[in-house]
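Participant: the following block contains a protein sequence and its predicted model.
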Amino acid sequence: MKVLLTHGYFLEEDAKEQRLMRPYPPLGILYLAAYLDERGIAATVFDTTFSSRAALQRHLVATRPGVVGIYTNLMTKRAVLGIVRFIRQQPALSGTRVVLGGPEVTHHAEKFLEHGADVIVVGEGEETMTELVRAWEGGSALHGVAGIVFRDGSGAVVRTPKRALLRSLDELPMPKREALDLSPYLEAWRSHHGTNAVSISTMRGCPYTCRWCSRAVYGGSYRRRSPALVVDEIALVSERYHPDSLWFVDDVFTINHRWLEELTVELERRRLRIPYECITRADRMNEHVAALLKRSGCFRVWIGAESGSQRVLDAMDRRVKVEQVGDMIRLCKRTGIGTGTFIMIGYPGETEADIQATIDHLKRSDPDQFTITVAYPIKGTPFYEEVSEDIVDERPWEETTDRDLRLRRPHSDLYYKCAVARVVNEVRSYKLAREAAGRPTWQEARHRAQALVAGAGMRAEPVLAALRGMLRRAPPAAAPPPPPPVTPVIPLRRTGPRP
């Protein structure tokens, strides 16, 4: 049975990423492809990132795979539904079975079945996909395959028992990077940023409890590959692709300090030093950890902040102090490591004073970079449950994602758009003014003016909201009376000779 794996992300359809141009290959399906190969199930990968829908469609019709497995996340949901719809409409693919996995499908399984999927894989996919393909090859019923959702012969939805996670990630082979062409990724990075990067995963899961974070695939687990195997992969990637840097995609890279020590020692023993960046938490950092990061090649660490308001952090169940975040950002900068942080605006209960606290926090801690987003609820998270009664979105499920959900918030979308602009421009203005040592520059003045305008927009939002409410409640204007009937003037036709 031929198995084709894909992921439905098309760079040509993502205008924002085309500006950022930081694409990474789909590690999840590369792990799955390698795992299937080891067990005698030949799996090919169609990487859609630098391809197109039309090219994928032609490939499907030409190869007629027995099984198409599609990784599905929040960003790719609509594209994946389009792929499933195409498969269902093609007579040549009438025998193709469609399997969906990934974080987006867990809490929307029945919806994806309604839109054409045959099986939904819930949780970790390697063992489940292996058993699923073997069941189909052997003509067995699917009821014995743990971790799936499907419809039986009567059309009833069947959810099999939850599958246990892999006990050791060392059971996993290295991801099958050779299944796709990595050169477009490397070239995209180098042409836009001067250097490139290859992504590596060393762990799965996260044991922390942030209320907005999805745990749809790995739950609250924490499992890690041994340092020696990670260094084996780093050595292979270095030899095969010669990347300028590595990006560790782990949720909390420094969660285990002993593991980090062993990784650092193993890298030094093999004389491997490739610059890398990673993500962590302030409470898993200290001077010793910062020194280990520097020794092992870390050039940038992203330390989650989310807010500069302790009240908001507590509401998020972040279990970290604002002061810790600032201290660790400054520590890393003193150690010679670049820093980044993440900011979230619009969490329930946040006030303008909390937003100002976030601005003050960014000025004090002074990260080299920060990203900012407006909070949105992902189904299955505590945040979603908290605001579920405030969801007022009436658009069809298949046309939206959780990111598009409309909420009954204390402020309008315009307010949060202005809030984001205010944070970004006020912090940039502050940095530029400091760098210029008090000398006025037009860049600093521009950002300061934009921050003032954004702040004015936030303050004016209640007035605008009231006006919108008045317009919605106002009775419709009476239609003007119809004009009186007009009798057409028809010129007389001459019948005699002209004068």
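Facilitator: That came in fine, so what should we check first? Note that the structure is predicted; figures quoted are calculated from it, not measured. Numbering: from 1, shown residues only.

Participant: in this structure, where's the longest strand?
Facilitator: As assigned by DSSP state E, the longest strand anywhere in the chain is strand 338-345.

Participant: and that strand, which residues are buried?
Facilitator: Residues of strand 338-345 classed as buried: 339, 340, 341, 342, 343, 344, 345 (neighbour count, 16 or more other C-beta atoms under 10 Å). In short, each C-beta sits where N, CA and C put it, glycine included.

Participant: return the list of helices and strands in contact with that strand.
Facilitator: On a contact count with 3 or more C-beta pairs under 8 Å, 6 or more residues apart in numbering; DSSP states H and E, strand 338-345 meets strand 298-303, helix 322-335, helix 352-365, strand 369-374, helix 413-435.

Participant: to residue 462, which of these lies closest?
Facilitator: Evaluated over those, closeness to residue 462 peaks at helix 413-435, with 8.7 Å, by C-beta to C-beta.

Participant: ok, and what's touching the closest one?
Facilitator: 343, 345-346, 355, 358-359, 362-363, 366, 370, 372, 374, 409, 441, 443-444, 447-448, 450-451, 453-455, 457-458, 461, 464 (C-beta atoms under 8 Å, 6 or more residues apart in numbering).

Participant: with stretch 376-393 instead?
Facilitator: Stretch 376-393 is contacted from outside by 74, 106-108, 211-216, 317, 347-348, 375, 400, 402-409, using C-beta under 8 Å, 6+ apart.

Participant: in that stretch, what counts as buried?
Facilitator: 376, 377, 378, 379, 380, 381, 383, 384, 386, 387.

Participant: before we move on, the earlier item: among the helices and strands packed on strand 338-345, which is the most enclosed?
Facilitator: Among those, strand 298-303 has the highest mean neighbour count (mean count of other C-beta atoms under 10 Å), at a mean of 23.

Participant: may I have that one as PDB, with CA atoms only?
Facilitator: Extracted C-alpha coordinates of strand 298-303, given in PDB (Å, rounded to 0.1, in the frame of the first residue of the first chain):
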ATOM      1  CA  CYS A 298      23.700  29.600  21.400                       C
ATOM      2  CA  PHE A 299      23.600  33.000  19.800                       C
ATOM      3  CA  ARG A 300      20.000  33.800  20.700                       C
ATOM      4  CA  VAL A 301      17.500  32.600  23.300                       C
ATOM      5  CA  TRP A 302      13.800  33.400  23.300                       C
ATOM      6  CA  ILE A 303      12.500  33.800  26.800                       C
END
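
Participant: after that strand, which helix or strand is next?
Facilitator: Next helix or strand after strand 298-303 toward the C-terminus (DSSP states H and E): helix 310-316.

Participant: quick one: least confident helix or strand in the protein?
Facilitator: Taking mean pLDDT, DSSP states H and E as the measure, the helix or strand of the chain with the lowest value is helix 442-473, at a mean of 83.

Participant: what angle do strand 298-303 and the longest strand of the chain make with each other?
Facilitator: Inter-element angle recorded for strand 338-345 and strand 298-303: 20 degrees (by axes from the mean of the first three to the mean of the last three C-alpha atoms, to 10 degrees).

Participant: distance of the nearest residue to residue 230 once chain neighbours are set aside from residue 119?
Facilitator: Once flanking residues are discounted, residue 230 sits nearest to residue 202: 5.0 Å by C-beta to C-beta, 6 or more residues apart in numbering. As judged by C-beta to C-beta, to the nearest Å, residue 202 and residue 119 stand 29 Å apart.

Participant: and these two? Which one has more around it.
Facilitator: Just comparing residue 202 and residue 119: by other C-beta atoms under 10 Å the higher neighbour count belongs to residue 119, 28 against 20.

Participant: quick one: the more buried one from residue 91, how far?
Facilitator: Applying C-beta to C-beta, the value for residue 119 to residue 91 is 22 Å.

Participant: list the residues that contact residue 166.
Facilitator: Applying C-beta under 8 Å, 6+ apart, we find residue 166 in contact with 124, 126, 127, 172, 223.

Participant: try 10 Å this time
Facilitator: Residue 166 makes contacts with 35, 124, 126, 127, 172, 204, 218, 221, 223, as judged by C-beta atoms under 10 Å, 6 or more residues apart in numbering.

Participant: what helix or strand is the residue nearest to the fifth one when sequence neighbours are not counted on?
Facilitator: In this structure, residue 172 finds its nearest non-sequential neighbour in residue 31, 6.0 Å apart by C-beta to C-beta, 6+ apart. Element membership of residue 31, judged by DSSP H and E, is helix 27-38.

Participant: also residue 262?
Facilitator: Using DSSP H and E, residue 262 sits within helix 257-269.

Participant: what angle sits between that helix and strand 298-303?
Facilitator: Our comparison of helix 257-269 with strand 298-303, counting by the same axes, to 10 degrees, yields an angle of 160 degrees.
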